[in-house]
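[1] below is the sequence, then the predicted model.
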Amino acid sequence: DAGVTQSPTHLIKTRGQQVTLRCSPKSGHDTVSWYQQALGQGPQFIFQYYEEEERQRGNFPDRFSGHQFPNYSSELNVNALLLGDSALYLCASSVLEGEQYFGPGTRLTVT
Amino acid sequence: AQKVTQAQTEISVVEKEDVTLDCVYETRDTTYYLFWYKQPPSGELVFLIRRNSFDEQNEISGRYSWNFQKSTSSFNFTITASQVVDSAVYFCALSAASNDYKLSFGAGTTVTVRA
């Protein structure tokens, strides 16, 4: 049984560009949450998707958007990238309000 | 609002020593959950334990043990007889109904176990 998978593993983008990160949840999970983890800090909640809709959102600007597909996989999109968006982006899957299982993350570097 | 404080930034021990990681939390909810996660250098967060606010019984799992004290709003984690493989960043986290059960993480404690 595959756990949570994320792609790509690493990504380098230039300021102002747009990026899409992908996440496939653990089998049987229908909820996907995204977190941003800056270097040396704890993960910060971005948003959560359930039934293809954004269910909750953290304190992130509208440049951060997402999507969930009928197969429960999810994408995180970030527009107009800033240097401060450089971070490890973690995806976690769960059943609604259940324990969250994290993927290996995508390391985004903005230059 | 929820808040998790891990006052220890870094801890370095020699193999076989015990190490205790402190976690203090703040919440106005009466029902909440506390978690510990391990993040090895590979980056993936590994779930270690979840404890609900009504269960103050301490728990032991192998070399890991957890001490939950509501009176002091603390949920401390001890690794007994540490090993080099225990080297990682450890995060304490909190979720509660008033925050729609979003996970709020502490800043993490980096544990280095030297051979």
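    On my side now, so go ahead.
[2] quick one: contacts for the residue in chain B positioned nearest to chain A?
    At 3.4 Å from chain A, B:Phe105 is the closest residue in chain B, using CB to the nearest CB. For glycine as for every other residue, the C-beta is placed from the backbone atoms N, C-alpha and C. Neighbouring residues of B:Phe105 by CB atoms under 8 Å, 6 or more residues apart in numbering or on different chains: A:42-44, B:4, B:37, B:91-93.
[3] again, only using 6 Å
    Residues near B:Phe105 by CB atoms under 6 Å, 6 or more residues apart in numbering or on different chains: A:42-43, B:91, B:93.
[4] for it, which non-adjacent residue is closest in space?
    Leaving aside its sequence neighbours, B:Phe105 sits nearest to A:Gly42 (CB to CB, 6 or more residues apart in numbering or on different chains; 3.4 Å).
[5] count the residues that sit near residue 100.
    As the question left the chain open, I've gone with chain A. Counted by other CB atoms under 10 Å in any protein chain shown, the residues lying close to A:Gln100 total 29.
[6] hm, I was asking about chain B
    When neighbours are defined as other CB under 10 Å, B:Asp100 has 13 of them.
[7] could you do B:Val4 as well?
    Per other CB under 10 Å, the neighbour tally for B:Val4 reads 23.
[8] and the nearest residue in space to it that is not next to it in sequence, how far is that from B:Ile11?
    Excluding its sequence neighbours, the residue lying closest to B:Val4 (CB to CB, 6+ apart) is B:Gly106, at 3.9 Å. B:Gly106 is 14 Å from B:Ile11, where distance means CB to CB, to the nearest Å.
[9] more neighbours: which of the two?
    More crowded of B:Gly106 and B:Ile11, by other CB under 10 Å: B:Gly106, with 24 against 18.
[10] hmm, the more buried one is touching B:Tyr90, no?
    No. Contact criterion CB atoms under 6 Å: B:Gly106 and B:Tyr90 do not qualify, at 9.1 Å.
[11] any low-confidence regions in chain B?
    Counting by pLDDT under 70, chain B contains no low-confidence range.
[12] near chain A, which residues of it?
    Contacts of chain B with chain A, taken as CB under 6 Å from any CB of the partner chain, map to B:43-45, B:50, B:91, B:100-102, B:105-108.
[13] got the phi and psi for B:Ser71?
    Dihedral angles of B:Ser71 (phi, psi; degrees, to the nearest 10) stand at phi -60, psi -30.
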